[in-house]
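Participant: take this sequence and fold it.
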Amino acid sequence: MNELAERTLPEQLHRLEQAMERCERLALASQYASIAMHEVNNYLEAITNLVYLTKLQKNNPDQVINHMESIDQQLAVLANVTRRSLAFHRTQNDLKDVELGEIVQSALKLHAETIAKHGVEVKIRFTGSAIAPVREGEILQVISNLLLNALDAIPAVGGRVSVRVREKRPWVKIVIADNGHGIPEHLAKKLFEPYVTSKPTGTGLGLWLSKRIVERHKGSLRFTTAQSKERSGTSFSISLPATHAA
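Facilitator: Purely as a prediction, here's the structure:
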């Protein structure tokens with residue numbers, strides 16, 4: 001009997017969960033690196049242009065000084081991009097007090113091309129500060145998954161997604177809502193079970209994994225959905241324990 005057959009179903013699911021998490025983290029890290037490199041390239045192009053102008057105007061001290069100051073500013077921003085990228089990869093497994101609005105912004109940036117391609121109207125609402133102790137990479141993974149689900153659900157024309165972040169002690173909440181087709185009742189009843197999906201190419205593990213990640217952070221992931229003619233769409237709400245004030 002092979003090793004896989006000897007394992008119980010819970011053991012197999014646990015190993016599958018770990019493998020899925022690793023795959024999703026690698027995919028997310030690759031996307032994050034791609035976005036960071038795009039930003040780095042933009043700043044390097046700006047610096048290259050400024051260096052060229054400086055050489056052209058080397059006999060004009062005032063212009064040289066202006067260009068050098070601009071180069072200094074571009075280098076400072078570039079350094080911030082690299083620090084942010086390094087911090088993301090170093091702290092994926094560490095709980096850290098993070099402003100959740102920043103994670104949402106990172107997710108939106110990761111999927112900016114998909115959002116633009118869909119022609120989606122995205123409404124963002126951040127109410128005050130919303131800080132929670134989280135593993136940044138894992139929560140980014142959850143938000144990205146919910147955001148992509150929303151983009152898949154909305155109509156080809158007139159699609160809307162709203163994202164709200166707020167603190168309501170003792171919780172901080174992230175709500176991602178769409179005006180899509182809603183979730184059928186037969187799926188809604190078992191939405192967070194493994195292998196449940198309405199997508200032809202879906203694995204049915206994304207929401208199951210997202211719920212487990214949120215619960216490991218001692219939070220909750222809930223949803224509401226509607227399919228009526230007057231109103232349709234789905235709203236997912238992530239609740240995480242807020243960082244206690246000193």
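
Participant: so where do the strands sit in the chain?
Facilitator: Assigned by DSSP state E, the strands in the chain fall at 96-99, 121-127, 131-134, 160-168, 171-178, 220-227, 232-241.

Participant: quick one, which of these is nearest to residue 189?
Facilitator: strand 220-227 (11.1 Å; CB to CB). C-beta here means a position set from N, CA and C on the backbone, and glycine is covered the same way.

Participant: any residues touching the closest one, and which ones?
Facilitator: Contacting residues not belonging to strand 220-227 are listed as 142, 181-184, 188, 191-192, 207, 210-211, 214-215, 232-239 [CB atoms under 8 Å, 6 or more residues apart in numbering].

Participant: that strand vs strand 171-178, what angle?
Facilitator: Strand 220-227 runs at 30 degrees relative to strand 171-178, counting by axes from the mean of the first three to the mean of the last three CA atoms, to 10 degrees.

Participant: can you list the strands that strand 220-227 pairs with?
Facilitator: Neighbouring strands of strand 220-227 in its sheet, by DSSP bridges, are strand 232-241 (antiparallel).

Participant: give me the distance from the strand it pairs with to the chain's centre.
Facilitator: Relative to its chain's centre, strand 232-241 lies at 14 Å (CA atoms, centre = their mean, to the nearest Å).

Participant: and it, what's buried?
Facilitator: 232, 233, 234, 235, 236, 237, 238, 239, 240 (16 or more other CB atoms under 10 Å).

Participant: next one: stretch 59-67
Facilitator: Using 16+ other CB under 10 Å as the test for burial, stretch 59-67 gives residue 67.

Participant: so residue 145 is in contact with residue 210, correct?
Facilitator: Yes: the criterion here is CB atoms under 8 Å, and residue 145 meets it with residue 210 at 5.2 Å.

Participant: settle it for me: which of those two has more neighbours?
Facilitator: Counted by other CB atoms under 10 Å, residue 145 and residue 210 do not tie: residue 210 has more neighbours, with 24 against 21.

Participant: measure that one to residue 169 for me?
Facilitator: Using CB to CB, to the nearest Å, residue 210 is found at 24 Å from residue 169.

Participant: also residue 211?
Facilitator: Counting by CB to CB, the gap from residue 211 to residue 169 is 23 Å.

Participant: which of the two has more neighbours?
Facilitator: Between residue 211 and residue 169, counting by other CB under 10 Å, residue 211 is the more crowded of the two (19 against 9).

Participant: what is the neighbour count of the residue nearest to residue 71 when sequence neighbours are not counted?
Facilitator: Of all residues not flanking residue 71 in the chain, residue 50 sits nearest, at 4.9 Å (CB to CB, 6 or more residues apart in numbering). Neighbourhood size, residue 50 [other CB under 10 Å]: 19.

Participant: surely residue 50 meets residue 69?
Facilitator: No: using CB under 8 Å, residue 50 is not in contact with residue 69; the gap is 9.7 Å.
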